[in-house]
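Peer 1: take a look and give me a structure for this.
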Amino acid sequence: MTRHDDTQTSETLALDLTPPPGGQVLHATDRATIIWGDARDPQVIAQVPDGYGLLCTDPPYGMRFNSGRSDTFTEIAGDDGSVDWPGVLAEWVGPEGTTTRGLADKRHVYVFGYRPDQLAGPLRLGGHAELIWDKVGIGMGDLTVAWGPQHEPITFGVHVKRRSDRAAHGGRLAARLRRGSILRYQRPNGASATRHSNEKPAPLMADLIESSTVRGDLVVDPCAGSGSTGVAAVLEGRRCFLVEVDRQHAELAVQRVQAAERIADLMSTT
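Peer 2: Sure thing, here's the model as predicted:
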């Protein structure tokens, strides 16, 4: 049974709102590592183990909207379009010229909010496809526009380390479970949207993780939000490495992942 170390979270309640260089580890077990830190910080990036199994993330991608009302949530850090997120994520998979750093060769990425043509170069993708998350309900979006948002693009791709392999059309490995490109999962909204303004449903994240990894693989999310990727990874028998720049969301991710670990412990003993 996994032994959880909850002592680290007791020291996180009255600190600055800006993470220190290198971030701060809020939670660390054999199943999960959660860091309060900036995904752009080279000292934070250096802490992710090389050769990990999956990059699955939803970076703030400059889609700031005006809903016409006073929202429950404040603007997400980095969501003003000023950050080159493809360039940041390139450091997480391992920049051009590296063959051992970051994401393992021929392993997968899922990035919300971007099209494959925006990520194929920076993330060194071989085969790739655009998936669509159908959120079922219509979101608020910009109330001055006649059409309300109900979907979000997700780039799926195979990370190929060597330029020559990409030129030879390497990396056309399919996800283990071949599925349709429309993923229909209800987005938390209304009274259920209490944790994060763009929270992902854990079943959606579990679907992506289960399709592209095996048990024991390390799933990395450098823009973890409230921790849905980590929750899904732990419950699917994978490990997770999460980074979140917002202090409140990072601490919430710790609480949610700890709860998932307790469930995983119970599952492992039955």
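Peer 1: can you tell me the helix or strand for residue 233?
Peer 2: helix 228-235 (DSSP states H and E).
Peer 1: swap that for residue 106, sorry
Peer 2: Assessed by DSSP H and E, residue 106 sits inside strand 103-112.
Peer 1: which positions within the helix or strand that that strand is followed by qualify as buried?
Peer 2: Moving toward the C-terminus from strand 103-112, the next helix or strand (DSSP H and E) is helix 116-119. By 16 or more other CB atoms under 10 Å, the buried positions in helix 116-119 come out as 116, 118, 119. Heads up, the C-betas are built off the backbone N, CA and C, glycines and all.
Peer 1: pLDDT at the closest residue to the last one other than its chain neighbours, what is it?
Peer 2: Taking CB to CB, 6 or more residues apart in numbering, and ignoring the residues beside it in sequence, residue 119 has residue 155 as its nearest neighbour in space, at 5.0 Å. Residue 155 carries a pLDDT value of 97.
Peer 1: show the contacting residues for residue 155.
Peer 2: Contacts for residue 155 were tallied using CB atoms under 8 Å, 6 or more residues apart in numbering; they are 109-111, 114-116, 118-119, 125, 128-131.
Peer 1: what is the nearest of the buried residues of helix 116-119 to residue 98?
Peer 2: Closest approach between the buried residues of helix 116-119 and residue 98, by CB to CB: residue 119, at 17.1 Å.
Peer 1: ok, back up a step: after the helix holding residue 233, next one along is what?
Peer 2: Next along from helix 228-235, by DSSP H and E: strand 239-244.
Peer 1: and the nearest residue in space to residue 134 that is not next to it in sequence, how far is that from residue 25?
Peer 2: Closest residue in space to residue 134, ignoring its immediate chain neighbours: residue 184 at 4.3 Å, by CB to CB, 6+ apart. Residue 184 is 36 Å from residue 25, where distance means CB to CB, to the nearest Å.
Peer 1: what residue ranges in the stretch 1-150 of the chain are flagged as low confidence?
Peer 2: 1-16, 61-81, 139-146, 148 (pLDDT under 70).
Peer 1: quick one: the helices in the stretch 101-250 of the chain, in order.
Peer 2: 116-119, 163-167, 202-212, 228-235, 247-268 (DSSP state H, counting those that start in this stretch).
Peer 1: closest one to residue 43 among the ones you listed?
Peer 2: Set against residue 43 and scored by CB to CB, these come closest in helix 247-268, at 16.3 Å.
Peer 1: circling back: any figure for the gap between the residue nearest to residue 134 and residue 31?
Peer 2: Distance from residue 184 to residue 31, by CB to CB: 29 Å.
Peer 1: more neighbours: the two, which one.
Peer 2: More crowded of residue 184 and residue 31, by other CB atoms under 10 Å: residue 31, with 21 against 12.
Peer 1: that one touches residue 242, doesn't it?
Peer 2: No. Applying CB atoms under 8 Å, one finds residue 31 not in contact with residue 242, separated by 11.4 Å.
Peer 1: give me the neighbour count for residue 265.
Peer 2: 15.
Peer 1: same check on residue 225?
Peer 2: Count around residue 225 with other CB under 10 Å applied: 26.
Peer 1: I'd say it and residue 56 touch.
Peer 2: No. Applying CB under 8 Å as the test, residue 225 and residue 56 come out as separate, 11.9 Å apart.
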